[in-house]
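Colleague: Sharing a model that was predicted from the sequence below.
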Amino acid sequence: VYSVTHDRVNDLKEEFAIDMKAVLNEKFARYGVQILFVKVTDVKLPMELMDRLESTTAFKTKMGETEKTHENKVQILRDKAILDIETIRKTNGRMVQEIQAEKERYEIERKEMESVARGEAKVEIAKQTRLAEVKLKTAQANEVIAKIRANERAESLIRSTEIACQNKKIKAEKDALVMIRKSEAVLQVAEWESKAMIASEKAELDGAKALKEKRSYELEWKRLAILKKVAGHGRKFITDKEGEDLLNNMVPESELIVS
């Protein structure tokens with residue numbers, strides 16, 4: 001009894017009976033007595049212990065009721081939580097379905113928009129391709145026309161250049177012929193002038209003696225005139241370089257050379 005708590009005393013009847021049978025069989029075995037069954041019909045406890053057991057039992061009963069009440073509340077809350085969770089799951093399921101449906105609608109709209117965009121892009125590409133082809137053909141045609149016009153201008157320029165060159169050649173030939181004629185005339189004139197100069201030189205040579213005598217006469221008269229002029233101012237003697245300079249001034253060197 002002392003090995004357990006007071007609230008388990010009444011629960012030890014069976015265990016106490018088994019232990020008592022073992023002890024009794026051990027003690028009465030020497031007398032040839034064997035105890036087969038022991039049953040504890042009642043347990044007498046002290047009043048203090050009885051009061052404690054009663055209060056403990058009442059407390060346990062109250063605690064059991066409280067626990068049951070708490071378990072009921074917990075179960076109610078659990079059921080409510082399960083119901084709420086199920087409601088939330090269903091609501092979320094509907095929302096997921098709605099979102100999935102919205103997603104599918106969006107995918108359909110996106111595919112339709114992509115299809116329309118691809119169609120418009122193909123149309124625009126075809127349009128731009130046609131425009132590019134037209135522009136390319138136009139550019140090629142313009143290039144051909146430009147080449148033809150350039151060839152025409154080149155041929156015209158070549159022809160005009162050839163004509164100009166031919167005209168310049170003809171003019172140059174004419175100018176050369178005229179220059180040749182002029183040169184021949186100048187040469188003829190030069191020949192005639194040289195002959196005239198030779199005749200003139202010959203004539204001058206023939207008259208040189210007469211001209212020399214004439215110049216000597218004229219110079220003598222000039223010298224006498226100077227001497228007369230000098231003598232009219234009295235006698236003067238001029239010698240050395242001054243006299244020579246005076247004579248040179250009276251008879252210019254150019255005249256002496258010419259005569």
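Modeller: Structure's in. What do you need? Numbers count the residues shown, from 1 in each chain.
Colleague: What is the subsequent helix or strand relative to the helix or strand harbouring Ser183?
Modeller: Using DSSP states H and E, the element containing Ser183 is helix 47-206. With elements assigned by DSSP H and E, the helix or strand that comes after helix 47-206 is helix 208-231.
Colleague: just to revisit the earlier point, what average pLDDT does the helix holding Ser183 get?
Modeller: When pLDDT is averaged along helix 47-206, the result is 85.
Colleague: okay, the angle between that helix and helix 208-231?
Modeller: 100 degrees (axes from the mean of the first three to the mean of the last three CA atoms, to 10 degrees).
Colleague: to the chain's geometric centre, what's the distance from helix 47-206?
Modeller: Centroid separation between helix 47-206 and its chain, computed with CA atoms, centre = their mean, to the nearest Å, is 14 Å.
Colleague: Any buried residues in stretch 170-189, and which?
Modeller: Across stretch 170-189, burial judged by 16 or more other CB atoms under 10 Å covers no residue at all. Placement of C-beta: from N, CA and C, glycine included.
Colleague: And the contacts of that stretch?
Modeller: Stretch 170-189 has contacts (CB atoms under 8 Å, 6 or more residues apart in numbering) with no other residue.
Colleague: could you redo the last one with a cut-off of 10 Å?
Modeller: Under the contact criterion CB atoms under 10 Å, 6 or more residues apart in numbering, stretch 170-189 has outside partners 168, 190, 193.
Colleague: could I get those residues as JSON lines with distance to Glu114 and neighbour count?
Modeller: Shown next, in JSON lines, are the contacts of stretch 170-189 (distance: CB to CB, whole Å; neighbours: other CB atoms under 10 Å):
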{"residue": "Lys168", "distance to Glu114": "76", "neighbour count": "11"}
{"residue": "Ala190", "distance to Glu114": "105", "neighbour count": "12"}
{"residue": "Glu193", "distance to Glu114": "109", "neighbour count": "12"}
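Colleague: Pipe those into a markdown table and attach distance to Ile18 per row.
Modeller: Converted to a markdown table, those look like this (distance: CB to CB, whole Å):
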| residue | distance to Ile18 |
| --- | --- |
| Lys168 | 157 |
| Ala190 | 182 |
| Glu193 | 186 |
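Colleague: out of those residues, who's nearest Lys222?
Modeller: Nearest to Lys222 among the contacts of stretch 170-189 is Glu193, at 35.6 Å by CB to CB.
Colleague: Distance check, the closest one against Glu112.
Modeller: 114 Å (CB to CB, to the nearest Å).
Colleague: Just to check, Met20 is in contact with Phe28?
Modeller: No. Met20 is beyond contact range of Phe28, at 11.9 Å (criterion: CB atoms under 10 Å).
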